[in-house]
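Colleague: Would you be able to build a 3D model of this:
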Amino acid sequence: NLVDHNRVHTGEKAYHFDICGKPFSRNSNLVDHNRVHTGEKAYHFDICGKSFSRNKSHLVYHKLTHTGEKPYQCNYHAKSFALNCQLVTHKREKPYHCFVCEYQIMLT
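Modeller: Presented below is the predicted three-dimensional model:
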């Protein structure tokens, strides 16, 4: 919901896990964290039998290791990535790109 989403920007962490006291900005993250303590693995991949406890995105990424699919493509290179966060990292590595001559540079 929007209230939980706004907490991401404000840094407020309204949800606290009873066992370890770890704070979370979203209730869904609290629920996922509970699985760390219970050992429950709610996200199961039928093809290989592997299961994941914390986050559905781990399951989605694991499925891509089986298919080899890389749906996130760099606009400037012939590089593709399985995860959007990998593409974002790639763009940060070479953020300055000349559209005339294809020159790229990373400033340190």
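
Colleague: Mind listing residues that contact stretch 42-55?
Modeller: Contacts with stretch 42-55, where a contact means CB atoms under 8 Å, 6 or more residues apart in numbering, come from 32-33, 35-36, 39-41, 56, 58-59, 62-63, 66. Every C-beta, even on glycine, is put in place using the N, C-alpha and C of the backbone.

Colleague: Compute the first-to-last residue distance for stretch 36-44.
Modeller: 15 Å (CA to CA, to the nearest Å).

Colleague: Just the buried positions in that stretch, please.
Modeller: Within stretch 36-44, the residues scored as buried using 16 or more other CB atoms under 10 Å are residue 43.

Colleague: distance between it and the chain's centre?
Modeller: Counting by CA atoms, centre = their mean, to the nearest Å, stretch 36-44 is centred 18 Å from the centre of its parent chain.

Colleague: try stretch 76-88
Modeller: Offset of stretch 76-88 from its chain centre (CA atoms, centre = their mean): 13 Å.
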